[in-house]
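K.L.:
Dropping a prediction and its sequence here:
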Amino acid sequence: MKRLGLSPRRKLLVVLPLLALYLAIADFPASMMRACVMAALAYSATALGRPRDGLSVISAAALLLTIIHPADIFNPGFQLSFSAVLGIVCLYPLLQSLYAKLPKKKYLRVPLDSIALSLSAQIGIIPFIALHFHHVPVFTFLINLLIIPLAALCTVGGMVCLILYYIIAPAALVLAHPVRWASAFTARLILGWNALNLPALRLPSPEILAILCMIAALLLASGFLLRSRLFRALSAAFCALAALLISLPLPEAGLNLRMLDVGQGDAVVVESQGHTYLFDVGPEGQVPLQYLSAYGRAVDAVFLSHPHDDHVGGLDALIGIVPIGRVYIPENGLNTADPLSGSALKKAREIGIPIIELSQGDALELPGDIRLDVLWPRRWEGENGDSMVTALRYSDYTFLFTGDIGMNEEIQIDWPRVDVLKMAHHGSKYSTGNMFLARARPEALLIGVGYNTYGHPSPDALNRAAGRRIFRTDAIGCIHLQVLDGGLSYSGFLEGAR
């Protein structure tokens, strides 16, 4: 724009239509809305002869976009875009000041400025990267040194091709080839970088207070240039508080049991006094992984009812990412596991996770004031009926996990009185018989079920359970039970809990 020799007001008249065209082509994503609104505000301030600064432009753009579409404040693109720019505005001058005394040679300043720019943006987005993705790449700022100029080249080249197409179409088509090659190279570069699996910090989703502390630290960091000791102290204090809040998530009170919505499978998380236990992990493991990552949980122990993929298949996704203390399986389970679950168990053993076999009559006293009794089987022989059945006792309440056993096994087990029953085999008509229900007398039943062709849960099983509270993951999503202050409460992630 400077080379065109246009006055500020004429520049504004040129820039505004181009920004509108750019947004229309991109279909108005939140990040581009932020960039274009900030550019429009900056050019408008210059055209009107008004002073401007980065923080004022960011604040005005955020306020304007929030007024237009308030829901954008929850959009990850909106959050990441504004936090990246906030990091640049607040930290880039600070980082530049660290090497200000170096010789002002172009071969030194250009790479240092690029690193400082990328690093300041990366620091700015840390709380929102942790919030949405639960891990923060450590070396991303390095690849950004290549990606940012390539992305800018592709964007500008694409815009030129589009405008040129309506003037000299053949020339636009010729120019489009190098732009396409640059875009393809950029995509391959990103994929190749991701394939390196470089280290990343695993962080839980921060609470709103931690995010606000981080933003406050960034804002105060811009005051470093004023050489104010107060700004330095406050910025360091807020940054330390944010780090503390993110790295030390507080455990929930009482015992919390969550049956995760993993589709057609079982996965239950039990938490008590900062200790976490998994009872089966579902067919793929992504949902348990996301939950454990979001809350920063390490797993004291995993209890696998039987080595079938809809209960154990997700173990492979957790191993090596989530710290696991030990894995419990039915006796003889390792020798007769399905190929997929068997390989996951062997992988766990190879990296040093103890695999412990349990059988009927075993009992465990677990940290968190939990007692676990193994009611079945004597030995796993490869059938659903050989699933490990456990009774978890906490305070005055008993929770029963039944795997995929059927009625033939139910009549052989000495059932305790239970408060909550995990319905066997996803509500199969061959499980949860009348005799079993009469002896166990559960107050509520949990069913882990998703789309299936087996007819689960069966109307027969549901009819036998009539008169009790029934919670299904396919109806209300994740099911949350909490024992607190001597009482037991139930809730579902979605509406419709009964």
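P.N.:
Great, that's in hand.
K.L.:
any idea of the pLDDT on L80?
P.N.:
Predicted confidence (pLDDT) for L80: 90.
K.L.:
Might you report the residue contacts of Y397?
P.N.:
L255, D419, V420, V483, L488 (Cβ atoms under 8 Å, 6 or more residues apart in numbering). C-betas here are computed from N, CA, C, even on glycine.
K.L.:
Apply 10 Å and report the result again.
P.N.:
Going by Cβ atoms under 10 Å, 6 or more residues apart in numbering, Y397 touches L255, L257, V418, D419, V420, E443, L481, V483, G486, G487, L488.
K.L.:
what number of residues lie near the second one?
P.N.:
So that's L257. Using other Cβ atoms under 10 Å, L257 has 25 neighbouring residues.
K.L.:
where does this protein have low pLDDT?
P.N.:
Residue ranges of the chain with pLDDT under 70: 1-6, 105-107, 223-232, 235, 245-250, 336-342, 495-498.
K.L.:
Please enumerate the strands of the stretch 251-400 of the chain.
P.N.:
Listed in chain order, the strands of the stretch 251-400 of the chain (DSSP state E, counting those that start in this stretch) span 255-259, 267-272, 275-281, 299-303, 324-330, 355-358, 363-366, 370-376, 389-394, 397-401.
K.L.:
what does the stretch 1-150 of the chain give?
P.N.:
Using DSSP E, counting those that start in this stretch, strands in the stretch 1-150 of the chain cover 135-137.
K.L.:
ranges for the helices of the stretch 151-300 of the chain?
P.N.:
Applying DSSP state H, counting those that start in this stretch to the stretch 151-300 of the chain gives helices spanning 169-195, 208-221, 229-247, 286-294.
K.L.:
what's the neighbour count on I321?
P.N.:
Burial of I321 is recorded as 13 neighbouring residues (other Cβ under 10 Å).
K.L.:
give the contact list for it.
P.N.:
By Cβ under 10 Å, 6+ apart, the neighbours of I321 are H135, R202, G285, L289, L292, S293.
K.L.:
What residues are bridge-paired with the second one?
P.N.:
By that I understand R202. Beta-bridge partners of R202, counted by DSSP bridges, are H135.
K.L.:
And L255, how far from F399?
P.N.:
According to Cβ to Cβ, to the nearest Å, L255 and F399 sit 9 Å apart.
K.L.:
Which one of these two is surrounded by more residues?
P.N.:
It is F399, of L255 and F399, that has more neighbours when counted by other Cβ under 10 Å, with 27 against 23.
K.L.:
and the residue positioned nearest the centre of the chain, how far is that from F141?
P.N.:
The centroid of the chain falls nearest to F133 when counting by Cα atoms, centre = their mean (4.2 Å). Distance of F133 to F141, computed by Cβ to Cβ: 16 Å.
K.L.:
Can you give me the domain assignment for the chain?
P.N.:
2-245, 255-492 (automatic domain parsing).
K.L.:
so of those domains, which one's packed in deepest?
P.N.:
Of these, the one with the most neighbours on average (mean count of other Cβ atoms under 10 Å) is domain 255-492, at a mean of 19.
K.L.:
Ends of that one, what's the gap?
P.N.:
Start-to-end span of domain 255-492 (Cα to Cα, to the nearest Å) is 16 Å.
K.L.:
From the chain's centroid, how far away is it?
P.N.:
Centroid separation for domain 255-492 versus its chain: 23 Å, with Cα atoms, centre = their mean, to the nearest Å.
K.L.:
With the flanking residues excluded, which residue is spatially nearest to L153?
P.N.:
A182 (5.7 Å; Cβ to Cβ, 6 or more residues apart in numbering).
K.L.:
Check I25 too.
P.N.:
L162 (7.1 Å).
K.L.:
List the contacts of the one you found.
P.N.:
L162 touches L21, Y22, I25, A172, A176, counting by Cβ under 10 Å, 6+ apart.
K.L.:
got the residues you listed as CSV, with distance to G320 columns?
P.N.:
Shown next, in CSV, are the contacts of L162 (distance: Cβ to Cβ, whole Å):
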residue, distance to G320
L21, 47
Y22, 43
I25, 42
A172, 49
A176, 43
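K.L.:
Contacts only, for the nearest residue to T140 once chain neighbours are set aside.
P.N.:
Spatially, and ignoring its direct neighbours in sequence, T140 is nearest to Q122 (5.9 Å; Cβ to Cβ, 6+ apart). With contact set as Cβ under 10 Å, 6+ apart, Q122 has these partners: 84, 87-88, 91, 129, 136-142, 144.
K.L.:
where's Q122 relative to C213, distance?
P.N.:
With Cβ to Cβ as the criterion, Q122 and C213 are 18 Å apart.
K.L.:
ditto for E350
P.N.:
Distance, E350 to C213, using Cβ to Cβ: 41 Å.
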